[in-house]
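Asks: Generate a structure from the sequence data that follows.
(chains A and B)
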2 protein chains.
Amino acid sequence: MGGDIGPHVTVPASLQALASNPKLTLLLVGHPDSISPLLANQNAELLSRLRVIPAYETIAGDAKPSQAIRQSKGTSMRIALELVKEGEAQACVSAGNTGALMGLAKLMLKSIEGIERPALMTVVPNQKKGKTVLLDLGANAECSSDMLVQFAVMGAVMAEDVAGIPHPRVALLNIGEEETKGLDNIREAATVLKSIPDINYIGYAEGNELLTGKTDVLVCDGFAGNVTLKTMEGVIRVILSMFKSQNEGKSSSLLYKLVKKVVTKWLNKRFSHLNPDQYNGASLLGLRGIVIKSHGAANVSAFNAAITQAVQTVEKQVPERIASRLAMVLPKSN
Amino acid sequence: MGGDIGPHVTVPASLQALASNPKLTLLLVGHPDSISPLLANQNAELLSRLRVIPAYETIAGDAKPSQAIRQSKGTSMRIALELVKEGEAQACVSAGNTGALMGLAKLMLKSIEGIERPALMTVVPNQKKGKTVLLDLGANAECSSDMLVQFAVMGAVMAEDVAGIPHPRVALLNIGEEETKGLDNIREAATVLKSIPDINYIGYAEGNELLTGKTDVLVCDGFAGNVTLKTMEGVIRVILSMFKSQNEGKSSSLLYKLVKKVVTKWLNKRFSHLNPDQYNGASLLGLRGIVIKSHGAANVSAFNAAITQAVQTVEKQVPERIASRLAMVLPKSN
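Replies: Next up, the predicted model:
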């Protein structure tokens, strides 16, 4: 278990999640020899709500998805998805190979009727202390206009039912706000979205509007979504690291140290809600089961956030809500 | 002149540019009635290096490029490009309709041999106080692998000859670092770039690496480039605005005000090189003439930065250097 990050991150994160949610039960799928030592001397009550499911194979992070799926028997990813399929688990959280996770999940859990391909979605905090639902984040590097419309419907469900935003505004990511801008599939999706009364479609939004709160749902293909999310995270991380990388040697007066302390505290408080660790966890939406993809380089608190997202997705019955919204919004012929 | 922003921004910016560069001469192409009042009572020496070229038509910012180009006769954009074509100006700076500018520029100035379509390029500051050349920024929403290779060559010329980076590292923007990731055109371009000894190709880079200084040149199609640049600018602007939007009401003690003043000063100093106004100006590379696209919403200092970039591009003879590098690097059959 744990993809790039491994049990030394995912096991402590699991224990944290169990401690903060007394109703939670976790199945840890992976090599018992790597997991068990990390459970030694832990709180007995927490351990009573945790079970290790042995899996002796893993899918490499750089494996080609098609090949990884063919050879997936006995891997931790496949066994975790089987547990969801069989109803023994209500959600699967993985930090592993995204392409393999998406392919395997689709193969085993099947798409909801009306969804061609599932999309990766995350909830990004915005400037107005609100939330913006962003999808697809990389499950589908190329998308048809139909897929973008399906993503818009799924994003609206997430915004309304999970993030609690009534009548959420939906925008398509584009490289200009004028109707003539961008790619054919985006323009075609815009035409369809305008014709669906149950979707509050507001037009195009550009990359600079990701954090402004102009829209509640931002829809794009997986290439653009991945680029925009990673750019945002990269810029925030660079700026946070610049806060910390003050040159101590130059000036170390007491006043300087005091100011630095105050500043650092103020900045951390002010920007903590933008820290990528706070909103780790991308939902693979459009499946008949719940799958959450954690960042491959998540730390303990970030992986814990992904588990929390899985719990919320289960509680809100997201797959069922998407299925019923799709049936209502899209014509049967689609 | 002046696209969205108009002469009230571009004229003061022009006067600033003339004041800071005594060798510069500017031709202001636009409606004399809008420009002349802004020149009243200005320094005579500056005015002696400035000439107003009358143009009574403009291209609307939301005009469809193909239509705008057909009806471009007499517009300020077309007249400015004619001045470059005829050798009366050495560069054109415009804040107007990007699609129309790119189409008209290509039509009138022609592409350099070996370049299918010009690309928009800008130089972004990075975390290590170095510079990263980013292209295409939106001239070509879709790109073939050949175009990406041509962009890589042009980006390397800019990095080496204009930004002064010896043996610049070149990367392709992708949604993963593994060779199997991303779109076909990107993978094909990677194969070609690996085979060109004169290009220091280092592989794929993701959106989060735009500011880290991992690469000196980052190459992508115009859709992804536009999204990543605008996302970066949007995040920086949001964070800068959060610095300023402190709630004064809550606490207004003298100590608080003092700390705020120190903090604001420190932040401005520390992040000024990341402020989008500092690096406004995208070069339309690959033409037999120099065209600089300013941000449509540039302020005076940002438009001045675009003029400065035009001056540097002229001084460094960028079109000639690109032509000779292309002849050296790419086989004649391309």
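Asks: any weak-confidence spans in the stretch 201-334 of chain A?
Replies: A:242-253, A:255-257, A:259-260, A:262-278, A:331-334 (pLDDT under 70).
Asks: A:Leu134 in helix, strand or coil?
Replies: For A:Leu134, the assignment made with DSSP: H, G, I helix; E, B strand; the rest coil gives strand.
Asks: In contact with it, which residues?
Replies: A:121-124, A:155, A:210, A:217-218, A:220, A:225, A:228-229 (Cβ atoms under 8 Å, 6 or more residues apart in numbering or on different chains). To be clear about C-beta, it is placed using only N, CA and C from the backbone, and glycine gets the same treatment.
Asks: so which of these would you say is closest to chain B?
Replies: The closest of the contacts of A:Leu134 to chain B turns out to be A:Thr228 (Cβ to the nearest Cβ; 4.6 Å).
Asks: so how many other residues sit close to the residue nearest to the closest one when sequence neighbours are not counted?
Replies: Spatial nearest neighbour of A:Thr228, excluding adjacent residues (Cβ to Cβ, 6 or more residues apart in numbering or on different chains): B:Thr231 at 4.6 Å. Residues lying near B:Thr231 (other Cβ atoms under 10 Å in any protein chain shown) number 29.
Asks: Distance-wise, check B:Thr231 relative to A:Gln312.
Replies: If you measure B:Thr231 against A:Gln312 using Cβ to Cβ, to the nearest Å, the figure is 26 Å.
Asks: same thing with A:Thr75?
Replies: 27 Å.
Asks: and these two? which has more neighbours close in?
Replies: A:Thr75 (25 against 17).
Asks: measure stretch A:89-106 end to end?
Replies: 17 Å (Cα to Cα, to the nearest Å).
Asks: in it, what's buried?
Replies: Within stretch A:89-106, the residues that count as buried by 16 or more other Cβ atoms under 10 Å in any protein chain shown are A:89, A:91-106.
Asks: next one: that stretch to chain centre, how far?
Replies: Mean-position distance between stretch A:89-106 and its chain equals 12 Å (Cα atoms, centre = their mean, to the nearest Å).
Asks: tally of neighbours for A:Lys73?
Replies: Around A:Lys73 there are 8 residues (other Cβ under 10 Å).
Asks: what does A:Ala68 give?
Replies: By the criterion of other Cβ under 10 Å, A:Ala68 has 24 neighbours.
Asks: Next one: it relative to B:Arg187, how far apart?
Replies: Distance from A:Ala68 to B:Arg187, by Cβ to Cβ: 18 Å.
Asks: again, but for A:Gly296
Replies: 21 Å.
Asks: In the stretch 1-150 of chain A, which residue sits closest to chain B?
Replies: A:Asp62 (4.4 Å).
Asks: What parts of the stretch 51-200 of chain A come near chain B?
Replies: Taking Cβ under 8 Å from any Cβ of the partner chain as the contact definition, the stretch 51-200 of chain A meets chain B at A:61-62, A:64, A:98-99, A:127, A:138, A:141-142, A:173, A:175-176, A:178, A:180-183.
Asks: What does the closest residue to A:Leu101 other than its chain neighbours show for phi and psi?
Replies: Leaving aside its sequence neighbours, A:Leu101 sits nearest to A:Ser94 (Cβ to Cβ, 6+ apart; 5.3 Å). With angles defined as degrees, to the nearest 10, A:Ser94 sits at phi -140, psi 140.
Asks: Surely A:Ser94 and A:Ile290 touch.
Replies: No - using Cβ atoms under 8 Å, A:Ser94 is not in contact with A:Ile290; the gap is 11.6 Å.
Asks: Report the contact partners of A:Leu39.
Replies: Residues A:11, A:47, A:50, A:52 are the ones in contact with A:Leu39 under the rule Cβ under 8 Å, 6+ apart.
Asks: next one: A:Gly99
Replies: A:64-65, A:68, B:181.
Asks: between the residues you listed, which is closest to A:Leu240?
Replies: B:Lys181 (26.7 Å; Cβ to Cβ).
Asks: Got the confidence number for that closest one?
Replies: If you check B:Lys181, the pLDDT there is 75.
Asks: Looks to me like it is in a strand.
Replies: No - counting by three-state DSSP, B:Lys181 falls outside a strand, being coil.
Asks: what's near enough to touch it?
Replies: Residues A:99, B:174-175, B:204 are the ones in contact with B:Lys181 under the rule Cβ under 8 Å, 6+ apart.
Asks: Sort out which of those are in strands and list them.
Replies: Here DSSP state E is the test, and those give B:Tyr204 as lying in strands.
Asks: So which of the contacts of B:Lys181 sit within helices?
Replies: Using DSSP state H, the members of these that fall in helices are A:Gly99.
Asks: Which of the contacts of B:Lys181 sits closest to A:Arg321?
Replies: Once Cβ to Cβ is applied, the member of the contacts of B:Lys181 that ends up nearest A:Arg321 is A:Gly99, at 26.6 Å.
Asks: Let me know the pLDDT of the closest one.
Replies: 87.
Asks: ok, now how distant is it from A:Leu120?
Replies: 11 Å.
Asks: likewise A:Asn299?
Replies: The spacing between A:Asn299 and A:Leu120, counted by Cβ to Cβ, is 20 Å.
Asks: what's the answer for A:Val329, then?
Replies: 21 Å.
Asks: Most neighbours of all the contacts of A:Leu39, which one?
Replies: A:Val11 (26 neighbours).
Asks: The residue nearest the centre of chain A pairs with what?
Replies: Nearest to the mean C-alpha position of chain A, counting by Cα atoms, centre = their mean, stands A:Ala282 at 1.0 Å. Legend: beta-bridge partners of A:Ala282 under DSSP bridges are A:Lys293.
Asks: now the angle between helix B:222-244 and whichever helix in chain A runs longest, please.
Replies: Assignment by DSSP H gives helix A:222-244 as the longest helix of chain A. Angle of helix A:222-244 versus helix B:222-244, following axes from the mean of the first three to the mean of the last three Cα atoms, to 10 degrees, is 30 degrees.
Asks: Only the C-alpha atoms, please, for helix A:222-244, written as CSV.
Replies: What follows is helix A:222-244, C-alpha atoms only, in CSV (Å, rounded to 0.1, in the frame of the first residue of the first chain):
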residue,chain,number,x,y,z
GLY,A,222,-7.4,16.0,-17.9
PHE,A,223,-4.3,17.5,-19.5
ALA,A,224,-5.4,21.1,-18.8
GLY,A,225,-6.7,20.2,-15.3
ASN,A,226,-3.5,18.5,-14.3
VAL,A,227,-1.4,21.5,-15.6
THR,A,228,-3.6,24.1,-13.8
LEU,A,229,-3.7,22.2,-10.5
LYS,A,230,0.0,21.4,-10.5
THR,A,231,0.9,25.0,-11.5
MET,A,232,-1.3,26.3,-8.6
GLU,A,233,0.3,23.9,-6.1
GLY,A,234,3.7,24.6,-7.4
VAL,A,235,3.3,28.4,-7.1
ILE,A,236,1.9,28.1,-3.6
ARG,A,237,4.6,25.8,-2.5
VAL,A,238,7.3,28.1,-3.9
ILE,A,239,5.8,31.1,-2.1
LEU,A,240,5.4,29.2,1.2
SER,A,241,9.0,28.0,0.9
MET,A,242,10.2,31.6,0.3
PHE,A,243,8.5,32.6,3.6
LYS,A,244,10.6,30.0,5.4
